[in-house]
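J.: Fold the stuff below for me.
(chains A and B)
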Amino acid sequence: MIQPDFSADWEPKIIAFCCNYCAYAAADLAGSKRMQYATNVRIIHSPCTGKIEMEHILEAFEKGIDGILVAGCLEGGCHFIEGNLRARKRTDRIRDLLDEIGIGGDRLLMINLSAAMAPTFVERVQEIVETVKAMGPNPLKLSNQRESA
Amino acid sequence: MIVASPKTVTELKNQLARHQKALFVGCGTCVTVCLAGGEREISIASYAVRMARKIEGKPLELTQVTIERQCENEFIKDLADLAAKAEVIVSFGCGAGVQAIAERFPTKPVYPGLNTQFLGILEEQAIWTEKCLGCGDCMLEQFGGICPVTRCAKHMLNGPCGGSTENQCEVDQDRPCAWQLIHARLKSIGQLDRLEAIIPPKDWRPAWHGGARKIIRKEHRV
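T.: Numbers count the residues shown, from 1 in each chain, chains lettered A, B, ... in the order given. The predicted model follows:
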C-alpha cells in the first residue's frame, strides 16, 4: 500500500456538493455574514443531492481529491421529496466501498442542513477538513503522480 | 428474470490479481433490471477495482462495455475487437452469460463478476424474491399459481407442514408460508377442492438432477 505523504505544507483538497435549496444558500449566507472557514473547499452547485451519482464521487476520488462533503436538505425538507434520502443511501454505500478499497470511508461526509444554517455549514466544513487532514492525502494521489511522471 | 448479486471489490480484485488489462462486460437484460450487472453497475465496479489496484501500486487498464444480451452469440460477437485487446474478460452477466462468452473466446480467460442467484421477480424497489426453481415440470395449476417446490422450505407437495406461525414459515420468520398462500389463493379462485387431491411424488427427471438440460424445438430449427 502506498503510504500517504504527510509533508508539512500539504493541505487537503475537498469538494462540497451543495444542494441549491439549502447548503448552497447556507454557504452563500455564510459568505454574506463574513464567516470564516477553511479555503480547502471547492463548492459544486447541485440542483439536489439526489442528482449526485455514485460515479461523480468515485471519479473525484480516482482523480485524487482528498475528501468530499455532500450537503443536502434536512430530512423531510427535500425540494424533490426524497433526493436527500437517496443521496444518504448512496453515500453510505460509497463509504463502505472506500473502506474496502483502502481509501477510507471517512473521507466522504454527508450532512443535512437548511438554507438558514450558515454556522452549521461552517462547522461541518471545518469538521471534514480536520478529519481529512488527520487521514492524510488520498493514497491515489501519489499513484497518479507516479503514473504521470 | 434471472437475479444476481454483485461480487465484492475484493473478490474482483483477487480474480484479476495476475492481469494488467481487463474488459468488463455488462449485460443489458436480466442483470440490468436487477441492478447487478448493467452499464451503471459495471461503471461503479470499474472505478472501485481500478482504485483498489492503483493503491496496491499495480494499476489495471480497464475497458467497459455493455451488450444487449450475453446469452446470445449474436450480441457477443460484437465484443471481438475489445476482447482481442484485453488479457481477461470479466462478465457481469449471469452464469449463462459467462459461459457463452467463454465459449465464444476460447483462448481468453473469462471470470464471473456476479453471483447468479435465482429466477425471481422484483417484489418492491431493490427487493427480489425467488419464485421458480426451473424444475422442468410445472405444476402451478394445482397450487393456485404459487409454487411450493420453490417457495416452501420443505418443498412439500401435500402441505402445509404444520410448523408455520401466523402465516409465516417456521424455517424463516420473514418468509410467508407458501401453503398458507396457496390456501388463500385457491379460496379466492374457488378451487379449494384441489387441496383434497393427493399429489404423488414429483418426477424430478426433467429437473437438473440428470445433468445440464437441452431443449430442441424441431419446428423452429432451420
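J.: So what touches the helix or strand encompassing B:Leu62?
T.: B:Leu62 belongs to strand B:61-67 when assigned by DSSP states H and E. If you take Cβ atoms under 8 Å, 6 or more residues apart in numbering or on different chains as the criterion, strand B:61-67 is touched by B:20-28, B:32, B:38-39, B:42-43, B:46, B:49-50, B:75-76, B:78-79, B:82, B:85-86. Any C-beta I mention is one placed from the backbone N, CA and C, and that applies to glycine too.
J.: Can you name the residue of chain A nearest chain B?
T.: Taking Cβ to the nearest Cβ, chain B has its nearest neighbour within chain A at A:Leu58, 3.8 Å off.
J.: Check the secondary structure at that residue for me.
T.: Recorded secondary structure, A:Leu58: helix (DSSP: H, G, I helix; E, B strand; the rest coil).
J.: tell me the secondary structure for the closest residue to it other than its chain neighbours?
T.: Sequence neighbours aside, B:Tyr47 is the residue nearest to A:Leu58 in space, at 3.8 Å (criterion: Cβ to Cβ, 6 or more residues apart in numbering or on different chains). Under three-state DSSP, the three-state class of B:Tyr47 is helix.
J.: Enumerate the residues of chain A near chain B.
T.: Contact residues, chain A versus chain B (Cβ under 8 Å from any Cβ of the partner chain): A:1-2, A:54-55, A:58-59, A:61-62, A:97, A:100-103, A:139-140, A:143-144, A:147.
J.: Sort out for me which of those residues are in helices.
T.: Using DSSP state H, the subset of those located in helices is A:54-55, A:58-59, A:61-62, A:97, A:100-101, A:139-140, A:143-144, A:147.
J.: JSON lines for these, including neighbour count and distance to B:Cys147?
T.: Output for those, formatted as JSON lines (neighbours: other Cβ atoms under 10 Å in any protein chain shown; distance: Cβ to Cβ, whole Å):
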{"residue": "A:Met54", "neighbour count": "19", "distance to B:Cys147": "36"}
{"residue": "A:Glu55", "neighbour count": "15", "distance to B:Cys147": "39"}
{"residue": "A:Leu58", "neighbour count": "23", "distance to B:Cys147": "40"}
{"residue": "A:Glu59", "neighbour count": "13", "distance to B:Cys147": "44"}
{"residue": "A:Phe61", "neighbour count": "27", "distance to B:Cys147": "45"}
{"residue": "A:Glu62", "neighbour count": "20", "distance to B:Cys147": "45"}
{"residue": "A:Leu97", "neighbour count": "24", "distance to B:Cys147": "36"}
{"residue": "A:Glu100", "neighbour count": "15", "distance to B:Cys147": "37"}
{"residue": "A:Ile101", "neighbour count": "27", "distance to B:Cys147": "41"}
{"residue": "A:Pro139", "neighbour count": "24", "distance to B:Cys147": "50"}
{"residue": "A:Leu140", "neighbour count": "24", "distance to B:Cys147": "49"}
{"residue": "A:Ser143", "neighbour count": "21", "distance to B:Cys147": "51"}
{"residue": "A:Asn144", "neighbour count": "15", "distance to B:Cys147": "53"}
{"residue": "A:Glu147", "neighbour count": "10", "distance to B:Cys147": "54"}
